[in-house]
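*Asks:* Here is a sequence with its predicted model. Questions after.
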Amino acid sequence: MLMTFFREEHELFRKSVLNFVEREIRPHVEEWERAQSFPREIFRRCGELGFLGAHYPEEVGGSGGDWWYAAAWGEALTHGRCAGVAMALMVQTDMATPVIAELGTREQKEEFLAPALRGEKIAALGISEPGCGSDVASLRTTARRVEGDYVINGAKCWITNGTRADFITLAVRTGPEGSGFGGISLVTFPTDVKGFRVTRKIAKIGNHASDTAELSFEDCRIPVRYLLGEENRGFYYIMQNFQGERLIAAVSAVAGAQLALDETIRYTQERTAFGRPILKFQVWRHTFAQLATEIEAARWLTYRAVDLYNRKQDATREITMAKLFAGELACKVADRCLQAHGGFGYAEEFPISRYYRDVRLITIGGGTSEIMKEILSKRMGWG
Amino acid sequence: MKILVTVKRVPDPEQKIKLKDDRIDLSAANWQLNQFDEYAVEAALRLTEDARNPATRLGEVTVVSLGPAEVQQQLRAALAMGADKAVRVDSRDEDLDADIVARTVEKLVRRDSPDLVLMGKLAADNEGNEVGQRLAGYLGWPQATFASIIEVVEGGKALLVGREVDAGVEMKKVRLPAVVTVDLRIVAPQAIKNGRTPPDHAYPEGPRYASLKGIMAAKKKPIEELTLAQLAIQPTLRVRTVSVRLPPPRKAGIKVSSVQELVDKLHNEAKVI
Ligand SMILES: Cc1cc2nc3c(=O)[nH]c(=O)nc-3n(C[C@H](O)[C@H](O)[C@H](O)COP(=O)(O)OP(=O)(O)OC[C@H]3O[C@@H](n4cnc5c(N)ncnc54)[C@H](O)[C@@H]3O)c2cc1C
């Protein structure tokens, strides 16, 4: 194991998550994919075992671990061979909640964060809208201040965990129309508020076990104390929050690619054509050697980003590169691995076919590859 | 109740076996806690807790392993599950056989006087299934092997042990102290009754997962380090490995077109009927 970064307790944690994934998730994946959902109980069990709060401070019910726990968590989750469940859980741990730990008041931490880390409340992150995804600064869901309340109107789209979330870490426009990135705020939004509605569950090509929702808000009143941090600083907080989200996406992309490649190598060792294992054809050996090399490169770029992020250094450049590189690579690995399976790669009964469908999200969710390049080129001063 | 649980690290049974210099090549082995030993740890924990309040320990569980420094990982894993302390007796795998292990554990038992020694029924590497029986012999203690049910009876002075046999479950009463080796079903939801946990309590199937709290706590639990010499054990092997060979590859199967043909082949070629 990688003793450089992962210490003995990280490895024990990884083992425990892996055990859980192998016994409590993997055997049910087919069923949950068909049902397009999985039991709430999984959140609760993960909370009970301390998986959800591993890298959160003890004051909010976490275990005070460092970010290598998040990395071990993200890697281990890929072993369920079901990106839908993994994503739902990573939204809970690394997408919707870190910003509450960072900026929330004591009440917000008690009401939203702590029960989320215990797995009792399901969390969602609501930024994207039907009319805007990449261009976060143009979001249109408004929050007007009325007598100590915010009154929220608008719609959100693509919200993971959205059909059953107990609360949403929600991006809203508190500035006037046309205020751009300077008029956005983040709030904690309980979904039992009047006027909130799940408009529809979006049917997708992959991640079937995870629900993705379109949501509507009609005169939803929440108290101003649900504001996260300062008003109109939301864009900045979102960009900060994206770092952890993109990093865990990169971590999971690398681990998933490695798993797919390992399984494909095993398959091609056993499957024969023209009197020999597929793996003995030079074209495949070379393909796999190339992919193994690229995965290794992606892993170390990602670990470099994790190390910086973990030490609270500026890691935006490395995280952006890791998300870009690992995401694109995972798609390529999925494509080649499916090909190496021949017809079985196209059949539902082989995990590689699900991986192929699921993996496609990585270069889109949490910011597209194009946006990653945009961020990088601007940082280099070319934009 | 004071329980001593023996644990062994074994190479991942799913990994392909490779030979090198007439030995199994373990250089790339992925070591893990032997599954039956993990079950023994789970059984010991269930015996020493009230499931309604597992944080308060009602007994003490010590895990013991013989092996090189790396075995610490498996011991920590058992501590993370909830065992109270650990002992590692330093040794190299190739210097051990079932008899040396049994004699070493005997010394520890005589030193620490547990009420019960719980062990996995066998280790998944060589599937020896000897150490428990040898240990009970050396100690002169009652034994029950392949336990799938354990119930504490007579106010903690004896155990009622269910053992799976071909015709059903044989129930045996053993006085404590005793040696019990466990089988797979000992981790069924209601396999263990300790007299404290309500008898209708159902555990989740299987050994518990180490919680992160348990992992953090395990860092602070003591692991005692001993040598064979300190326990006055002469490491003279009674069993030597002469050579290791892979089984011959299996021949591909054939399809038969009728029952008659099948019977013919079984009779004339395979000569099994
Ligand atoms: C399954 C799934 C789950 C999701 N979960 C969540 C969630 O939980 N919460 C949430 O808030 N969002 C979520 N999203 C939304 C996701 O973050 C957005 O889909 C993503 O940011 C892209 O936005 P968009 O879909 O509006 O695409 P658009 O912004 O419309 O982009 C369309 C295309 O144009 C390209 N493009 C855009 N701008 C540029 C540019 N400047 N230069 C070059 N090309 C550009 C994009 O790269 C893309 O290829 C989810 C999406 C999916 C599919």
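*Replies:* Everything's here; your move.

*Asks:* Around the ligand, pick out the residues from chain A.
*Replies:* When proximity is defined by CB under 6 Å from any ligand atom, chain A lies next to the ligand at A:91, A:124-128, A:133-135, A:158-160, A:204, A:207, A:212, A:361, A:364-368, A:370-371, A:374. Backbone N, C-alpha and C define where each C-beta goes, glycine included.

*Asks:* What's the first helix or strand after the helix or strand B:Met119 falls within?
*Replies:* Assessed by DSSP states H and E, B:Met119 sits inside strand B:116-120. Using DSSP H and E, the helix or strand that follows strand B:116-120 in sequence is helix B:131-139.

*Asks:* Could you look up the next helix or strand downstream of the helix or strand encompassing A:His10?
*Replies:* Here A:His10 sits within helix A:8-20, counting by DSSP H and E. Next helix or strand after helix A:8-20 toward the C-terminus (DSSP H and E): helix A:29-35.

*Asks:* Go through that following helix and flag the buried ones.
*Replies:* By neighbour count with 16 or more other CB atoms under 10 Å in any protein chain shown, helix A:29-35 contains the buried residues A:Val29, A:Trp32, A:Glu33.

*Asks:* Name the residues that touch the helix holding A:His10?
*Replies:* With CB atoms under 8 Å, 6 or more residues apart in numbering or on different chains as the test, helix A:8-20 has contacts from A:1, A:6, A:45-46, A:49, A:51, A:54, A:65, A:68-69, A:72-73, A:75-77, A:79, B:72-73, B:76-77, B:80, B:209-212, B:215-216, B:218-219.

*Asks:* returning to what we had before: just give me the closest of the buried residues of helix A:29-35 to the ligand.
*Replies:* A:Glu33 (14.0 Å; CB to the nearest ligand atom).

*Asks:* Confirm that A:Arg145 sits in a strand.
*Replies:* Yes: when DSSP: H, G, I helix; E, B strand; the rest coil is applied, A:Arg145 is found to be in a strand.

*Asks:* which helix is the longest one in chain A?
*Replies:* helix A:234-270 (DSSP state H).

*Asks:* What mean pLDDT does whichever helix or strand comes after that one get?
*Replies:* Using DSSP H and E, the helix or strand that follows helix A:234-270 towards the C-terminus is strand A:272-273. Over the span of strand A:272-273, the pLDDT mean works out to 96.

*Asks:* Repeat that for stretch A:98-118.
*Replies:* Across stretch A:98-118, pLDDT averages out at 97.

*Asks:* what does stretch A:277-285 give?
*Replies:* So the average pLDDT for stretch A:277-285 ends up being 97.

*Asks:* From one end of it to the other, what's the distance?
*Replies:* 11 Å (CA to CA, to the nearest Å).

*Asks:* Please enumerate the strands of the stretch 151-273 of chain B.
*Replies:* B:158-165, B:168-175, B:178-182, B:192-193, B:223-227 (DSSP state E, counting those that start in this stretch).

*Asks:* what about the fourth one, distance to the chain center?
*Replies:* Same thing as strand B:192-193. Mean-position distance between strand B:192-193 and its chain equals 18 Å (CA atoms, centre = their mean, to the nearest Å).

*Asks:* Is the longest helix of chain A in proximity to chain B?
*Replies:* No: Helix A:234-270 lies apart from chain B when judged by CB under 8 Å from any CB of the partner chain; the minimum separation is 9.3 Å.

*Asks:* who does B:Lys85 bridge with?
*Replies:* As for beta bridges, B:Lys85 partners with B:Thr62 under DSSP bridges.

*Asks:* Read off the pLDDT value for it.
*Replies:* At B:Lys85, the pLDDT value in this model is 97.
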